[in-house]
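Chemist: would you be able to build a 3D model of this:
(chains A, B, C and D)
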2 protein chains.
Amino acid sequence: MTRTKVKNMEEFAALCGISRPTVSKYFHDPESVRVHTRNRIEAALAEYDYRPNIFAMNQNRKLTKNVGIVVPYLADPFFAEIARNVEQRCIDAGYRPTLFSSHGDRDLEVDILDNLRSLKPAGVLLAALGRGSDRAAVDRFCEDVPTVLFDSNVEGAGLAFVGSDNPQFSFLMVDYLCRTGAPPTFFEMKNPSNPNANKRRQGYIAAMEQLGHEPAIVQVKGDGWEFEQIGRREGIAALNSGQFATNTVLCSNDRLAIGLISACYELGLKVGREDDAQIRIAGQDDHPFARFTCPPLTTVAQDYDSISRTAVEVLFRSIEGDVRDHERLLFEGKLVMRDSA
Amino acid sequence: MTRTKVKNMEEFAALCGISRPTVSKYFHDPESVRVHTRNRIEAALAEYDYRPNIFAMNQNRKLTKNVGIVVPYLADPFFAEIARNVEQRCIDAGYRPTLFSSHGDRDLEVDILDNLRSLKPAGVLLAALGRGSDRAAVDRFCEDVPTVLFDSNVEGAGLAFVGSDNPQFSFLMVDYLCRTGAPPTFFEMKNPSNPNANKRRQGYIAAMEQLGHEPAIVQVKGDGWEFEQIGRREGIAALNSGQFATNTVLCSNDRLAIGLISACYELGLKVGREDDAQIRIAGQDDHPFARFTCPPLTTVAQDYDSISRTAVEVLFRSIEGDVRDHERLLFEGKLVMRDSA
DNA sequence: ATATAAATTTTACGCGCGATAAGTTTTTAT
DNA sequence: ATAAAAACTTATCGCGCGTAAAATTTATAT
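Modeler: Just a heads-up that it's a prediction; the model follows:
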């Protein structure tokens, strides 16, 4: 282990006793050189401290090994988790992921896409803001850069969409709630940032009708991504004015549910499925914090793992030339029964 | 708005009617060229679609405008929030931040630092894993790259450390708890990943002694960064075996407290400061979710804003040549009284 | 052993910009 | 108005690597 600093590929190639273009080829794809050659390079790599200059590499390559990962709101642990998952898969596939968060801000999302362009990424995994997105900007971006959308769909854009089968989520939970007690009222934001919310509402309505109940929806105002805050504030208002038709509430997502549970506590309402409980609350997502609410939140778990795995797979497949029609890949959720409903 | 694609700086300079070196100078620092020149460039910039090639730019520059931001665990909303804050400040200062999370993994942290090196960053803002860090690797990195540590200190490394005055946090809370009820027992992990935990324990002990009470500490086992899980699981065990000396518990951090509140719920213990409550629980950090626990968590708020602002300021000061001795900049916390204690 | 294909080397050029030096123009100060 | 300073232009080189074509070596098959 000499660990001498090697200035450039020229010098490193000389140390290997191999020509620079071959070494270059090795770094592009180690499998593309003869075993003997590969061994010599890897021996030298172990002995000397050399790494190709990343800027020079990317300058002329038509396709870099960069991958952009964009999520709408990183302060939401759900996105942090899925980003982490996706990130690791990219690394394992030999790519260089870079993580961006739009922080719920339309302009920032556009800026990120602009910056991403200049990174000449091989591909991008984009969970868009949804309603908050600049539709035209997203479309333009998807035309220029191979992009797989996940979690939050932008109709027609990108190579594919990978996400959850949201109507199924609602159906699953409505069915469960109806079997075990009163049919649920749906609790959501009036102008949800996320398109999944609409699918969930539709799923709720369909499920209720199919089971012979009258759908009841409480839509509250509130902008931005501070869902817990909105769930709490508007939850207090809704509870005080008796807006919930029954003693059972299905929230559009877990973060709203967390806020609503907090609202119930504030008002002294006992949440749960015991006989003495006054209200049942269920969420959707299986947010990382859902198991720590009081009571722990009954919810529908997103299939994190399948979504992230599939999103990455689809992206790399099309990067490597397997082009096919725009796909919509939806994964079912699983009922997670805890104590809140 | 012609929005014609411009290939390179040469071409763009021609469109401006200005020489390339001057345009280059403009991009390096817009203030460095005459007003008249600046206006012409900016007019052309508005008309044509040109952005300097980022790879070519960084290739020869001694110092890039890249800034690395490294946090230990992005799935913790606290780090997501502070990262966001820091990120924005870097952008405002004209730098290009890139966000990395070590995901609680020692090897990943080392990898990140290695990759960061090849980005030739102007500076790095590093919240290290702490006990989980490869001390030697961090030291080596800090010698090569201007680095400001934040949140989690690595003694002696880097240009400066910016964080919280942890003993003060504990003191503040111990004092409050003692004034309003029984003196607290300290609840923490036996081998905390984060060095702040040790300072907080020491602060707790000092505060208790100063106020004439006997310190009582419950140390639970558990590795990793899933603090809520640990707080819940070990909290149940500790409560069942009566390990808490008094009816008041000060947790080393909010995430443990969230787990402990969940444990109390599980065991049917009423948490709060009302007369009929059986246990008081307090945290430290003012985690984004602390206000939504049931009851809402009494805690000590970290001064997010000062910490992120100062960390960025110190880094840019030293990048721009204002070198000074290794500084330790600590910010005080503020008591946030909610209902849990 | 010979033919053929595959892998490698040589040679040569280009990418887009940073940096510098020498010469020219413009601005600012006196 | 004149000199000095500042800003700009022109010219040229270099960074570290990608890439392509042609020449050469090596491996594989007949």
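
Chemist: make it CA atoms for all contacts and neighbour counts henceforth
Modeler: Noted.

Chemist: quick one: buried residues of stretch A:167-182?
Modeler: By neighbour count with 16 or more other C-alpha atoms under 10 Å in any protein chain shown, stretch A:167-182 contains the buried residues A:167-177, A:182.

Chemist: what about the strands in the stretch 1-150 of chain A?
Modeler: Applying DSSP state E, counting those that start in this stretch to the stretch 1-150 of chain A gives strands spanning A:66-71, A:96-101, A:123-126, A:147-150.

Chemist: tell me the SS of residue A:219?
Modeler: Counting by DSSP: H, G, I helix; E, B strand; the rest coil, the backbone at residue A:219 sits in strand.

Chemist: hang on, isn't it packed against residue A:197?
Modeler: No: under the criterion of C-alpha atoms under 8 Å, residue A:219 lies out of contact with residue A:197, with a separation of 11.4 Å.

Chemist: show me which of these two is the more surrounded one.
Modeler: Between residue A:219 and residue A:197, counted using other C-alpha atoms under 10 Å in any protein chain shown, the more crowded position is residue A:197 (21 against 16).

Chemist: skip the chain neighbours and tell me the closest residue to that one.
Modeler: The shortest distance from residue A:197 to any residue that is not its chain neighbour, by C-alpha to C-alpha, 6 or more residues apart in numbering or on different chains, is 6.2 Å, and that residue is residue A:252.

Chemist: next one: residue A:217
Modeler: When the adjacent residues along the chain are set aside, residue A:217 lies closest to residue A:186, with 4.6 Å between them (C-alpha to C-alpha, 6+ apart).

Chemist: now do the phi/psi pair for the closest residue to DNA strand C within the stretch 201-341 of chain A.
Modeler: Going by C-alpha to the nearest atom of the strand, DNA strand C is nearest to residue A:320 of the stretch 201-341 of chain A, at 18.7 Å. Torsion angles at residue A:320 (phi, psi; degrees, to the nearest 10) stand at phi -90, psi 20.

Chemist: pLDDT score assigned to it?
Modeler: Residue-level confidence at residue A:320 comes out at 77, pLDDT.

Chemist: equivalent analysis for residue A:3, please.
Modeler: Residue A:3 is assigned a pLDDT of 64 by the prediction.

Chemist: then residue A:208?
Modeler: The score at residue A:208 is 95. That number is its pLDDT.

Chemist: what touches both of residue A:219 and residue A:197?
Modeler: For the pair residue A:219 and residue A:197, residues contacting each of them under the criterion C-alpha atoms under 8 Å, 6 or more residues apart in numbering or on different chains are residue A:188.

Chemist: quick check: the residue nearest to residue A:197 vs residue A:34, distance?
Modeler: With distances taken as C-alpha to C-alpha, to the nearest Å, residue A:252 is found 56 Å from residue A:34.

Chemist: more crowded one of the two?
Modeler: The residue with the greater number of neighbours, taking residue A:252 and residue A:34 and applying other C-alpha under 10 Å, is residue A:252; the counts read 25 against 11.

Chemist: in this structure that one contacts residue A:194, no?
Modeler: No: using C-alpha under 8 Å as the test, residue A:252 is too far from residue A:194 to be in contact (10.3 Å).

Chemist: kindly report the residues of the stretch 1-150 of chain A close to chain B.
Modeler: If contacts are counted using C-alpha under 8 Å from any C-alpha of the partner chain, the residues of the stretch 1-150 of chain A sitting beside chain B are A:53-56, A:58-59, A:74-78, A:80-81, A:84, A:98-100, A:103, A:118-119.

Chemist: of those residues, list those near DNA strand D.
Modeler: Restricting the residues of the stretch 1-150 of chain A next to chain B to those adjacent to DNA strand D (criterion: C-alpha under 7 Å from any atom of the strand) gives A:53-54, A:56, A:58-59.

Chemist: mind listing the helices for the stretch 151-300 of chain A?
Modeler: If DSSP state H, counting those that start in this stretch is used as the criterion, the helices of the stretch 151-300 of chain A fall at A:166-180, A:196-210, A:227-240, A:254-267.

Chemist: over to the stretch 1-150 of chain A?
Modeler: In the stretch 1-150 of chain A, the helices defined using DSSP H, counting those that start in this stretch lie at A:9-16, A:20-28, A:35-47, A:54-60, A:77-92, A:106-118, A:135-144.

Chemist: quick one: average pLDDT of the first one?
Modeler: In this model, helix A:9-16 has an average pLDDT of 90.

Chemist: ok and it relative to helix A:35-47, angle-wise?
Modeler: Orientation of helix A:9-16 against helix A:35-47 (axes from the mean of the first three to the mean of the last three C-alpha atoms, to 10 degrees) gives an angle of 110 degrees.

Chemist: dump the strands of the stretch 1-150 of chain A to CSV, plus mean pLDDT.
Modeler: Conversion of these to CSV gives the following (pLDDT from 0 to 100):
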stretch, mean pLDDT
strand A:66-71, 96
strand A:96-101, 94
strand A:123-126, 96
strand A:147-150, 96
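
Chemist: quick one: which of those strands is nearest residue A:157?
Modeler: Taking C-alpha to C-alpha as the measure, the strands of the stretch 1-150 of chain A were each checked against residue A:157, and strand A:147-150 came out nearest at 7.9 Å.

Chemist: what is the closest one packed up against?
Modeler: Here strand A:147-150 touches strand A:123-126, strand A:160-164, helix A:304-319, going by 3 or more C-alpha pairs under 8 Å, 6 or more residues apart in numbering or on different chains; DSSP states H and E.

Chemist: right, and these - which one's nearest residue A:42?
Modeler: Across these, residue A:42 has its closest neighbour in helix A:304-319 (26.2 Å, C-alpha to C-alpha).

Chemist: quick check, residue A:113 in contact with residue A:141.
Modeler: Yes: if you go by C-alpha under 8 Å, residue A:113 and residue A:141 touch, sitting 6.9 Å apart.

Chemist: which of the two has more residues huddled nearby?
Modeler: Neighbours were counted for residue A:113 and for residue A:141 using other C-alpha under 10 Å; residue A:113 has more, 24 against 20.

Chemist: gap between that one and residue B:179?
Modeler: In terms of C-alpha to C-alpha, residue A:113 sits 53 Å off from residue B:179.

Chemist: contacts only, for residue A:224.
Modeler: By C-alpha under 8 Å, 6+ apart, the neighbours of residue A:224 are A:104, A:193.

Chemist: rerun that using 7 Å as the cut-off
Modeler: residue A:104 (C-alpha atoms under 7 Å, 6 or more residues apart in numbering or on different chains).

Chemist: quick one, phi psi at it?
Modeler: Dihedral pair for residue A:224: phi 90, psi -160, per degrees, to the nearest 10.

Chemist: kindly report the residues of the stretch 51-200 of chain A close to DNA strand D.
Modeler: A:51-54, A:56-63.
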